[in-house]
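**Student:** Just the structure for this:
(one chain, ligands or ions: 1)
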Amino acid sequence: MTTIEAVRGDITRESVDAIVNAANSSLLGGGGVDGAIHRRGGPAILEDCRRLRASHYGKGLPTGGAVATTAGDLDARWVIHTVGPVYQSSRSDPAQLASCYRESLRVADELGARTVAFPAISAGAYGWPIEAAARIAVETVRDTETAVEEVRFVLFDERAFTAFADQVHKLGRQEGEGPFSSESP
Ligand code: ADP
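**Tutor:** Okay, here's the model as predicted:
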């Protein structure tokens, strides 16, 4: 059974086995949470990303895919990079966003990670409406079979935290009491 929780905070401060990065397909860094992870994690993460580009991911990481690197100086063993879809109103595909969560958990399972922290993938520069992003995130984690014991959504701002906490509470109501919680620091 996977515990799902939502907390407000900076994901680069989390102590978990794996921190998920909302990367872009180049894997070579960007703004938002990607920039924060590379800044605090140090150059070892980018070195690993460059190696991936030089080997299996010559064309970059496709949308909805996930791949792991070292976590460098972060308090984690791995960073799992995933590429969310850019929101384009009616043409946006929720399945691609769901795939980010599913594929990240698949990679986490391959690595043997038991605790995983996720940001709100695609909900920043990629423009996904936060309520929909939160619903897809929480429902996909709930519906994915994984050996990960704890999934922590780490939300940077109040609005994102509220949206994710609402979805986590909704799950808790659906499942009776249960391994779902949210806390604001
Ligand atoms: P995307 O390009 O996938 O939309 P962004 O990094 O622009 O990715 O935004 C994704 C989410 O991550 C946004 O909700 C943003 O507020 C949040 N975010 C930015 N920095 C951090 C951080 N240090 N920790 C956790 N979340 C963060």
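**Student:** wait, isn't Gly42 in contact with Thr70?
**Tutor:** No: the criterion here is Cβ atoms under 8 Å, and Gly42 misses it with Thr70 at 9.5 Å. Backbone N, C-alpha and C define where each C-beta goes, glycine included.
**Student:** These two: which is more packed in?
**Tutor:** Thr70 (17 against 14; other Cβ atoms under 10 Å).
**Student:** Distance of that one relative to Arg77?
**Tutor:** 8 Å (Cβ to Cβ, to the nearest Å).
**Student:** same deal with Asp109?
**Tutor:** To Arg77, Asp109 is 14 Å away according to Cβ to Cβ.
**Student:** Next: Glu139.
**Tutor:** Separation of Glu139 from Arg77 (Cβ to Cβ): 27 Å.
**Student:** Run a quick neighbour tally on Leu28.
**Tutor:** Leu28 has 14 neighbours, counted by other Cβ under 10 Å.
**Student:** secondary structure class for it?
**Tutor:** Using DSSP: H, G, I helix; E, B strand; the rest coil, the three-state assignment for Leu28 comes out as coil.
**Student:** Go ahead and confirm it touches Glu47.
**Tutor:** No: counting by Cβ under 8 Å, Leu28 does not reach Glu47; the two are 11.1 Å apart.
**Student:** quick one, helices of this structure?
**Tutor:** In the chain, the helices defined using DSSP state H lie at 32-41, 43-54, 94-111, 130-143, 158-174.
**Student:** and Val86, which of those helices is closest to it?
**Tutor:** helix 94-111 (9.5 Å; Cβ to Cβ).
**Student:** any idea what sits nearest the residue most central in space within the chain, other than its immediate chain neighbours?
**Tutor:** The centroid of the chain falls nearest to Phe118 when counting by Cα atoms, centre = their mean (3.1 Å). Distances taken as Cβ to Cβ, 6 or more residues apart in numbering place Val20 nearest to Phe118, at 4.6 Å, with adjacent residues excluded.
**Student:** quick one: low-confidence parts of the chain?
**Tutor:** For the chain, the stretches with pLDDT under 70 are 176-185.
**Student:** Any residues of it in contact with the ligand? List them.
**Tutor:** Proximity of the chain to the ligand is confined to 10-12, 22, 32-34, 36, 84, 119-126, 154, 156-157, 160 under the rule Cβ under 6 Å from any ligand atom.
**Student:** Provide a PyMOL selection command restricted to the buried entries of those residues.
**Tutor:** Command for PyMOL that selects the buried part of the residues of the chain next to the ligand, burial taken from 16 or more other Cβ atoms under 10 Å:
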select buried, resi 11+12+22+32+33+34+36+84+119+120+121+122+123+124+126+154+156+160
